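> Next come a sequence and a model predicted from it.
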Amino acid sequence: MFQELFLNLSNNLNNTSVVMIWLFQIIFCYFSILFSLKFFGKTGIYVYVAIAIILANIQVLKVVDFPFFPEPMALGTVLFISIFLCTDILNEYFDKKSATKCIYLGIAAYLFSTVLMFLTISMTPINPDAYPAWSWSYDMHESIKTIFLPQFPIIVGSICAFFISQKIDIFIFSYLKNKNTNLWFRNNASTIVSQFIDNIIFSVLAFNILTSNPVPLFDLIISYGLGIYFLRILLSLFDTIFIYLAKNFLPSKLD
């Protein structure tokens, strides 16, 4: 019953503008961060980051056509960008140590889910001919295998880019904070610089250095690196509103 309900809802939303659903996803993610902060403090932010980094690497498998981009674009950008808002909130309202801890927790969650799902797909599925009533399980196995089978270039590129860019983001934010710059400036400056580095590292490692079919470096940087980067800049500017709002969502007793 519920499966059919959600399937019908999804089919109906397919007729809705991709941009509208994408904008709703942005609002949903950012307010989820604020309410996680409000009700669970730092722990809520940590949990959000752990979930976001896993889901972002699943969402990236889906490519959609946005009217304002000449080429189809992979999803996952919103979730991934929202993690930078999380570390900036921790850096601003708690401390640098909390933001750094968030990085390691996110990487640990991603590796844990990757290993666990690899072990899951490594188990021999049932024989659908021997168990006709459970034949759907074999189809599910193939679907899970398609989504969760580890791809070495993507895993290494994603982890390296995430770790280095987040470290740079935290360093720049902390440096500017110590210089008593405005919150909007340090939030955007740190994110815009770190996002550029993240895009370049991931693109070069995943699609040029570590792959058996490398994309020409210049084409890669122009089409993927810079194309997605401008979108990330817009999201970074938009999340400025939410880092200011976060002050009103701080728990009564900081953990």
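It's in.
> Which pLDDT value belongs to the residue of the chain positioned farthest from its centre?
Largest separation from the mean C-alpha position in the chain: Ala130, at 40.6 Å (CA atoms, centre = their mean). In this model, Ala130 is scored at 85, pLDDT.
> Assign it to helix, strand or coil.
Secondary structure, DSSP: H, G, I helix; E, B strand; the rest coil: Ala130 is coil.
> go on, the one 5 residues further on?
Reducing the assignment at Ser135 to three states with three-state DSSP gives helix.
> same question, Ile159
From three-state DSSP, the assignment for Ile159 is helix.
> How about the contacts made by Phe173?
Phe173 makes contact with 87-88, 91-92, 99, 186-187, 190, according to CB atoms under 8 Å, 6 or more residues apart in numbering. Backbone N, C-alpha and C define where each C-beta goes, glycine included.
> go again using 6 Å as the cut-off
By CB atoms under 6 Å, 6 or more residues apart in numbering, Phe173 lies in contact with 88, 91, 186, 190.
> Around Leu217, how many other residues sit close by?
By other CB atoms under 10 Å, 14 other residues sit near Leu217.
> Export only the CA atoms of the lowest-mean-pLDDT helix or strand in the chain, formatted as CSV.
One helix or strand of the chain scores below all others by mean pLDDT, DSSP states H and E: helix 2-13, with a mean of 71. Taking Å, rounded to 0.1, in the frame of the first residue of the first chain, the C-alpha atoms of helix 2-13 are listed here in CSV:
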residue,chain,number,x,y,z
PHE,A,2,2.6,2.5,1.1
GLN,A,3,5.0,1.4,-1.7
GLU,A,4,2.2,2.1,-4.3
LEU,A,5,1.5,5.4,-2.6
PHE,A,6,5.1,6.6,-2.8
LEU,A,7,5.4,5.3,-6.4
ASN,A,8,2.3,7.3,-7.5
LEU,A,9,3.7,10.4,-5.7
SER,A,10,7.0,10.0,-7.4
ASN,A,11,5.4,9.5,-10.8
ASN,A,12,3.3,12.7,-10.3
LEU,A,13,6.4,14.6,-9.2
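> In which helix or strand does the spatially most central residue of the chain reside?
By CA atoms, centre = their mean, the mean C-alpha position of the chain lies nearest to Phe80, the distance being 2.5 Å. Using DSSP states H and E, Phe80 sits in helix 77-93.
> average model confidence for that helix?
95.
> if I look at Asn127, how far off is Leu149?
Distance of Asn127 to Leu149, given as CB to CB, to the nearest Å: 21 Å.
> and what of Thr240?
38 Å.
> okay, these two: which has more neighbours?
The neighbour count for Thr240 versus Leu149, taken as other CB under 10 Å, is higher for Thr240 (17 against 11).
> Please name the residues that touch the spatially closest residue to Ile172 that is not a sequence neighbour.
For Ile172, ignoring the flanking residues on the chain, the nearest one in space by CB to CB, 6 or more residues apart in numbering is Ser190 at 3.9 Å. Contact partners of Ser190, counting by CB under 6 Å, 6+ apart, are 169, 172-173.
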